[in-house]
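1. Just to be clear, the model below is a prediction. Sequence and coordinates:
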Amino acid sequence: MSQILNISATDYCRSLKLHELDDSVLQALPVSSYPLPDGTHKVISDYHSQEWRLEDARFPSNTKESHKKIRFQSIPNQFVAAVKLALKDYDVTNSPEGATLIGMFNNCKPFLLYLNDIGLQSTNKISPLVCANYVHQCKQAISERKKPLAKMTLTLRFLAVEKLYQHLKGTQWAFEHPWVEASAAYLAGNHSQGKKIGKTPIIPDDQLQILVQHCHQILEQAEKLMALNVEIEQQRKLYQQKYSIPKVNKLITKNLLKPNGYSGKRAFNALHGSIPDAMAIIILTFSGIRNHEFCAIQTDAYRIEDNEEDIY
């Protein structure tokens, strides 16, 4: 690099609002620099580089050369622009040690690889449900030593997601808070959550009673609804070999839906489709679990057999 600055690369960018810059200006920004004898600074790495080499002064003297670099080739390409902006904003606003900045990047990588695996193409598509599933995946992961990930490892991973959220606010890559009523440490199991005041109004008891009764009625019919749905699909396959789609729908309504008390396909689908919602409301109302815990429920994932051979 031949660029010479009157101040360090961090100070050079401190007053700038990175996400408001034209892309050409942003790509040319210096990321790191070292001081020259005359008091000016020479640039080491700039923003557009696929590898950022941080200043020696930000590390202990015995730090390996490879541990002073951030390599963006190691993350899915669709997230590079967002991660660069988040890292640079974090660097400018907090002036962290080199290991801290690189640590944030390294702890983001499992999350970014997870997003890539589930098909996300941008961080602005991240939802609380995605984050809840990521938390569950991390808790189920096994380390190279064949043990669950340590609480500190989990905390650092979840903190990296929080930092990504914080430093992408107001940008085209912004996403919802990953876990509004929790924290990285709490999700990792490091300590109790502490007292928090909920922001969502509580459903009045009389309205909750009506809602729960309605959900209970739906679940009482669930087995019948699901069995009928299977029968409908079987008949549909048979009818489609002979008749047009409108004719198939009329036959299903006449032969299956009306004899079972449903006026038509729309009424049946509305009731059948409400089963998951009714189940969710009942579980969340009476179990006290959080949304992210509910989203992590798996069929037959937990099994307890007591002394009387009862299975739960």
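-> Nice, I can see it.

2. From here on, just use CA atoms for contacts and neighbour counts.
-> Will do.

3. Make sure residue 87 is actually in contact with residue 101.
-> Yes: using C-alpha atoms under 8 Å, residue 87 is in contact with residue 101, at 7.2 Å.

4. What distance do you get for residue 124 to residue 16?
-> 23 Å (C-alpha to C-alpha, to the nearest Å).

5. Neighbour count: the two, which is higher?
-> A direct count of neighbours by other C-alpha atoms under 10 Å for residue 124 and residue 16 places residue 124 higher, at 16 against 12.

6. What is the longest helix of the protein by residue count?
-> helix 98-117 (DSSP state H).

7. After that one, which helix or strand is next? Please name it.
-> The helix or strand immediately downstream of helix 98-117 is helix 128-140, counting by DSSP states H and E.

8. Now do that following helix: everything it contacts.
-> 111, 114, 148-149, 154, 158, 176-179, 187, 292-293, 295-296 (C-alpha atoms under 8 Å, 6 or more residues apart in numbering).

9. in it, what's buried?
-> 128, 130-136, 138-139 (16 or more other C-alpha atoms under 10 Å).

10. any idea how far residue 158 is from the residue positioned nearest the centre of the chain?
-> The residue lying closest to the centre of the chain (C-alpha atoms, centre = their mean) is residue 131, at 2.4 Å. For residue 131, the distance to residue 158 equals 9 Å [C-alpha to C-alpha].

11. Residue 164 now?
-> Distance from residue 164 to residue 158, by C-alpha to C-alpha: 10 Å.

12. what about stretch 238-254, how long is it end to end?
-> First-to-last residue span, stretch 238-254, C-alpha to C-alpha: 15 Å.

13. Buried ones in that stretch, by neighbour count?
-> Applying 16+ other C-alpha under 10 Å to stretch 238-254 flags 239, 248-249, 251-253 as buried.

14. what's that stretch in contact with?
-> 232, 235-236, 263-265.

15. of these, buried ones?
-> 232, 235-236, 264.

16. Reformat the residues you listed into a markdown table and put secondary structure and pLDDT next to each item.
-> Output for those, formatted as a markdown table (DSSP: H, G, I helix; E, B strand; the rest coil; pLDDT from 0 to 100):
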| residue | secondary structure | pLDDT |
| --- | --- | --- |
| 232 | helix | 90 |
| 235 | helix | 88 |
| 236 | helix | 87 |
| 264 | coil | 87 |
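
17. From residue 81, how far off is residue 171?
-> 11 Å.

18. can you check residue 140 too?
-> 30 Å.

19. Residue 48 too?
-> 9 Å.

20. Mind checking which of those two has more residues around it?
-> Per other C-alpha under 10 Å, whichever of residue 48 and residue 81 has more neighbours is residue 48, with 17 against 13.

21. Give me the neighbour count for the residue lying closest to the more buried one once chain neighbours are set aside.
-> Counting by C-alpha to C-alpha, 6 or more residues apart in numbering, residue 27 is the residue found nearest to residue 48 once chain neighbours are left out, at 4.6 Å. By the criterion of other C-alpha under 10 Å, residue 27 has 14 neighbours.

22. which residues does residue 30 bridge with?
-> Beta-bridge partners for residue 30, by DSSP bridges, are residue 46.

23. pretty sure it is touching residue 5, no?
-> No: look at residue 30 against residue 5 with C-alpha under 8 Å: they stay out of range, at 9.0 Å.

24. And the helices in this protein, which stretches?
-> Under DSSP H, the chain gives helices at 9-13, 23-27, 80-94, 98-117, 128-140, 151-167, 184-188, 205-220, 222-239, 245-252, 265-273, 275-287, 291-295.

25. Give me the distance from the fifth one to the chain's centre.
-> What it means is helix 128-140. How far helix 128-140 lies from its chain's middle: 7 Å, per C-alpha atoms, centre = their mean, to the nearest Å.
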